[in-house]
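[1] here is my input, please return the structure:
(one chain, ligands or ions: 2)
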Amino acid sequence: MSENSLPSVIALSPVEQPPDTTVQLPGSKSITNRALLCAALAEGTSTLTGVLFADDTRAMLGAITALGAQVTVDEAAATVTVRGTDPRAAAGPVSVFANQSGTTARFLLPALALRPARGVLDGDAQLRARPFGPQVEALRTLGARVEEPAEAGRLPLAVTGPVHGGRVSLPGHLSSQFLSGLLMAGPLMRDGLTVELTSALVSVPYVTMTAAVMAAFGVPADGLGVAPGRYRATEYAIEPDASAASYFLAAAAITGGRITVAGLGTGSLQGDVRFADVLERMGARVSRGADGITVTGGGPLRGVDVDMADISDTAQTLAAVAVHADGPTRVRGIGFIRRKETDRLAAVVTELRRAGIDAEEHEDGFTVRPGRPAPTRFDTYGDHRMAMSLSLLSLRSPGIEIDNPRCVAKTYPDFFADLSRATARA
Ligand SMILES: O=C(O)C1=C[C@@H](OP(=O)(O)O)[C@@H](O)[C@H](O)C1
Ligand SMILES: C=C(OP(=O)(O)O)C(=O)O
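    Ligands and ions are numbered 1, 2, ... in the order given. Sure thing, here's the model as predicted:
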């Protein structure tokens with residue numbers, strides 16, 4: 001059941017028995033979108049395997065094509081070849097539509113600013129509501145002209161380069177994507193790039209990931225700066241998506257089953273593999289190998305007090321697990337997720353309360369107290385992670401329905417089919 005065949009509301013039934021299975025998940029959204037951009041800026045032709053095909057990565061495929069890269073797609077083989085381009089040699093205006101994808105938009109804006117021509121960046125209504133101001137200011141400092149025809153710091157934006165690079169200040173507390181995007185364009189700036197953070201950085205593992213993908217394409221970067229140079233084409237294998245894995249690992253903990261996510265080894269580039277550490281603190285058994293991670297549930301789950309600033313895409317998943325624990329769970333450090341696809345703190349608390357669960361919103365997170373979810377049709381706010389997380393409440397409780405399940409297409413079109421298969425439901 002891919003998202004095209006999903007109904008407008010999906011009804012989910014509880015599992016009949018705890019799952020005991022291994023799942024193969026689609027490629028990482030974050031790595032796919034970094035590798036596509038680095039390949040597009042590289043000299044030569046790169047081959048990427050394990051590529052995720054979802055709305056966010058299709059947005060990036062469209063964006064690098066607009067930049068001038070030549071892209072060949074073999075979706076069945078999860079492979080893309082990319083012949084790179086030098087945007088500094090570009091002529092003529094381009095426009096890029098990032099749809100709902102934060103990574104595509106915040107990675108593309110600095111790349112567009114490498115071009116000595118006008119590039120327009122826009123997205124859908126949800127992305128238009130998200131902040132871009134820090135990147136706009138940084139690109140101006142680095143030498144670009146940026147027009148903000150709608151609202152300051154919001155899409156649509158028009159950028160005209162080329163940026164010359166150098167030193168720039170950037171706040172870190174809203175999103176790490178501003179920094180990742182600037183770093184990836186950095187080597188193609190005349191003077192390279194040095195970034196000074198003016199506030200504490202959130203989502204730090206994503207910047208480490210950026211530096212790792214850049215290094216795989218031949219450019220050493222330290223997470224706060226990069227020297228002038230060129231990316232080199234390469235063959236690059238993309239790991240399965242660790243944020244997507246959180247739903248399956250959580251399902252094992254909630255049902256008392258055992259689920260292995262193949263391909264997510266101890267050397268993973270994705271910070272979200274650390275969601276398993278949180279499940280372990282709650283009492284689940286976790287085994288980590290070179291080629292996969294396994295969670296085994298069974299005993300009671302304890303509530304935890306946890307800072308999720310590094311792994312915030314899994315906070316809603318944890319909210320669903322917390323419902324099944326034997327004490328309260330307090331999540332901290334994630335005030336910035338109010339500016340994702342929706343205000344995720346408000347959304348998760350509102351929906352849990354709709355099901356009769358005692359949940360409370362804080363400025364920097366939420367508290368969830370254990371309970372038995374009542375039959376509920378959940379709103380998803382057009383947020384794929386609301387849909388995927390709330391569906392976990394159906395594993396042990398009848399009468400759970402998810403409104404607009406098609407929003408999972410942003411990062412995981414086959415989510416509902418894969419979850420049904422893994423938990424042996426029709
Ligand atoms: O760089 C990335 O690939 C991402 C960074 C995170 O965003 P923020 O840095 O805005 O928290 C994360 O939520 C998003 O899904 C992907
Ligand atoms: C926040 C997310 O995505 P992005 O910022 O890339 O739109 C996400 O995938 O949960």
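[2] ok, how many other residues are close to Gly84?
    24 (other CB atoms under 10 Å). The way it works is simple: take the backbone N, C-alpha and C, and place the C-beta from them, glycine included.
[3] could you measure from it over to ligand 2?
    Distance, Gly84 to ligand 2, by CB to the nearest ligand atom, to the nearest Å: 23 Å.
[4] what does the stretch 101-250 of the chain put close to ligand 2?
    Along the stretch 101-250 of the chain, the residues adjacent to ligand 2 under the rule CB under 6 Å from any ligand atom are Ser101, Gly102, Thr103.
[5] so which of those residues reach ligand 1?
    Okay, of those touching ligand 1 (CB under 6 Å from any ligand atom), that's Gly102, Thr103.
[6] who wins for neighbours among the residues of the stretch 101-250 of the chain next to ligand 2?
    In these, the most neighbours by other CB under 10 Å go to Ser101, 27 neighbours.
[7] now it, nearest residue through space, not along the chain?
    Asp56 (4.0 Å; CB to CB, 6 or more residues apart in numbering).
[8] Phe378 now?
    Nearest residue to Phe378, sequence neighbours excluded (CB to CB, 6+ apart): Leu390, at 4.4 Å.
[9] surely the one you found meets Thr380?
    Yes. Leu390 lies in contact with Thr380 (CB atoms under 8 Å); the separation is 7.2 Å.
[10] quick one: which of the two has more around it?
    Leu390 (30 against 24).
[11] need the CA coordinates for the host helix or strand of that one. CSV is fine.
    Secondary structure assignment for Leu390, by DSSP states H and E: helix 384-390. Coordinates of each C-alpha in helix 384-390 appear next as CSV, following Å, rounded to 0.1, in the frame of the first residue of the first chain:
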residue,chain,number,x,y,z
HIS,A,384,4.4,12.7,8.4
ARG,A,385,5.9,12.2,11.8
MET,A,386,2.6,12.8,13.5
ALA,A,387,1.0,10.1,11.3
MET,A,388,3.8,7.6,11.8
SER,A,389,4.1,8.1,15.6
LEU,A,390,0.4,8.1,16.4
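[12] distance from the chain centre to the next helix or strand along the chain from it, please.
    Later in the chain than helix 384-390, the nearest helix or strand by DSSP H and E is strand 400-403. Remark: strand 400-403 is offset 23 Å from the chain centroid, using CA atoms, centre = their mean, to the nearest Å.
[13] follow the chain on from strand 400-403 and name the next helix or strand.
    Using DSSP H and E, the first helix or strand after strand 400-403 is helix 415-422.
[14] tell me what that following helix is packed against?
    Contacts defined by 3 or more CB pairs under 8 Å, 6 or more residues apart in numbering; DSSP states H and E place helix 415-422 against strand 20-23, helix 242-255, helix 384-390.
[15] ok, which of those comes nearest ligand 1?
    Across the helices and strands packed on helix 415-422, ligand 1 has its closest neighbour in helix 242-255 (6.7 Å, CB to the nearest ligand atom).
[16] could you dump that closest one to CSV, C-alpha only?
    Extracted in CSV, the C-alpha atoms of helix 242-255 (Å, rounded to 0.1, in the frame of the first residue of the first chain):
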residue,chain,number,x,y,z
ALA,A,242,17.3,5.9,11.2
SER,A,243,14.3,8.2,11.9
ALA,A,244,12.1,5.8,10.1
ALA,A,245,13.7,3.0,12.1
SER,A,246,12.5,4.6,15.3
TYR,A,247,8.9,3.6,14.6
PHE,A,248,9.8,-0.1,14.2
LEU,A,249,12.1,-0.2,17.2
ALA,A,250,9.4,1.5,19.2
ALA,A,251,6.9,-1.1,18.0
ALA,A,252,9.0,-3.8,19.4
ALA,A,253,9.3,-2.1,22.8
ILE,A,254,5.5,-1.4,22.9
THR,A,255,4.4,-4.9,21.9
